Structures are given as C-alpha cells and as structure tokens.
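Student: sequence? don't have it. structure:
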C-alpha cells in the first residue's frame, strides 16, 4: 500500500469537499471546521474522538464533528478511506429539517457506525457528487438528506461532557479573538487568572490541545478558507500568520494529508 496517497476530488455541491486516501500516515491531533462523514474501504485504524479512543475497519462509517480534536493511526500496514466534509450550516440545517421538533442535533453522536445500509448510502452519495458529469440536482438532495438522517439518528449513550472551566474559556477566547496575534503563556495566564503551568495543563485537559497547538490549528483553518477562495498560496500563508509558504505547507500536510496546492486545485 502506498505510504501517503491523498486525492481531493471536485464536488458537485458547494460546501461539500470530497477526499480519497490510501495511507500509512499517522495524524497528530487536529481539528476540522467541518463535519466529516467517511467510509473505511480497506484496512483499519484507531483514533481519538470526542468519545475516547475508537477503532474502525473496512465497511464502517467514520465521523467527526466541527472542532472535535481527533487523530488517526493505521492498525496494521495501512488503510484506505473516502470522506466528505460538510460546511456546518449544511448539516445543522438538514438536522433541523429531519427533527420533528425543528431543533436538530448539533453533533453526530457516534464516531464509528457499523451499518452496511448507511455505508451503501454513503458510497452512492460519494459517487454522485464526484463523477465527472455530476451537477447539483434532486438526486444529491435526496441522498444527502437521507445520509444526514441516518448518522444523526444513530443513538449514543447519553453522556454529560465536562464543561470547559471559565478560566480556560477565557484563555481560549483570547486566542480565538485574534489567531494572528502573538500570544504568550503569560498573556493566557493573565486572562485566565491562573499560573502559566495551570493554564497549560488546564488548556490541554479541556481542549485536547496545548495552547500553541490550538493557535496553529486556528491559523491553518484561516489558511484553508483563503485557499478555497482562490487566494495564492504565498498570500494565504502570510495572511494566516505563518512565517512563509513552506511553513504553512508543512502544517497543512501534517494535519490533512493533502498539500495546499492539491487542495487549491479542487476549486479550479
């Protein structure tokens, strides 16, 4: 199996990205701004999710929620998957339609779903979105609504997730308010009312990322949005707070497997 083969495919529907991967790559902890729904097509992997460590093998659906910290490593020699990334407004809007009360779920409850029926529906939608002659239409609407209904209706054990302490929220909000600004542990400590060590430990415990990793993740999100809008790579790197295009590229590949150039080409 190739060590690292990723393809970004053109999608017929705006706000949905399609990726194919065949890789032995182990991903560091990272997040996406989008919902992700995918299918393991060969091999198996283990990954951190919002509900702890999980494993998925061929034929199983994998999901990720916006800003959910996760990673991924192969079990064995490698694995292959196909995945669709959805702008949050698409999934939350469909979820509200699906819900009888009009108040849909804000999260996909299961990180791994074992259902041949849902897997088959995903495969059909993926092909419909990425075939060369695809254009938005009734079929895409039907398949998309059905898939979101499927993954949202999968029941999860009701678990109360621990709330992020107010002190850590204050530190996180300082980064979120301006990800391009230079920030130090001292700044975060002052904002949170904690010591530097307390804010470092508390931040990692509450978010799954250290403050520096969280800051870099916020900047790569900015870069991804700019690249999708057609901003040249060097300009996107500068505008998102990276030292240069090479630095942005290294971070982009480490987190998403794709190069920024491959990502940009899918929007041409």
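Tutor: Arrived safely, thanks for sending. All of these numbers come straight from a predicted model, not from anything done at the bench.

Student: any idea whether the residue nearest in space to the middle of the chain is helix, strand or coil?
Tutor: The centre of the chain sits closest to residue 32, judged by Cα atoms, centre = their mean, with a distance of 2.7 Å. Under DSSP: H, G, I helix; E, B strand; the rest coil, residue 32 falls in the coil class.

Student: Just confirm it contacts residue 86, I think it does.
Tutor: No: taking contacts as Cβ atoms under 8 Å, residue 32 lies outside contact range of residue 86: 10.0 Å. (Each C-beta comes from the backbone N, C-alpha and C, glycine too.)

Student: what do the two both touch?
Tutor: Residues touching both residue 32 and residue 86 (Cβ atoms under 8 Å, 6 or more residues apart in numbering): none.

Student: Now residue 72. Its backbone dihedrals?
Tutor: The phi and psi values for residue 72, taken as degrees, to the nearest 10, are phi -180, psi 130.

Student: how about the residue nearest to residue 87 when sequence neighbours are not counted, what does it touch?
Tutor: If the residues on either side of it in the chain are set aside, residue 87 comes closest to residue 15, at 3.8 Å by Cβ to Cβ, 6 or more residues apart in numbering. Residues in contact with residue 15, defined by Cβ under 8 Å, 6+ apart, are 86, 87, 89, 90.

Student: Compare those residues and tell me which is most surrounded.
Tutor: Neighbour counts for these (other Cβ atoms under 10 Å) peak at residue 86, which has 22 neighbours.

Student: how about the closest residue to it other than its chain neighbours, what does it touch?
Tutor: For residue 86, ignoring the flanking residues on the chain, the nearest one in space by Cβ to Cβ, 6+ apart is residue 35 at 4.5 Å. Contacts for residue 35 (Cβ under 8 Å, 6+ apart) come out as 63, 64, 65, 66, 85, 86, 88, 90, 91, 108.
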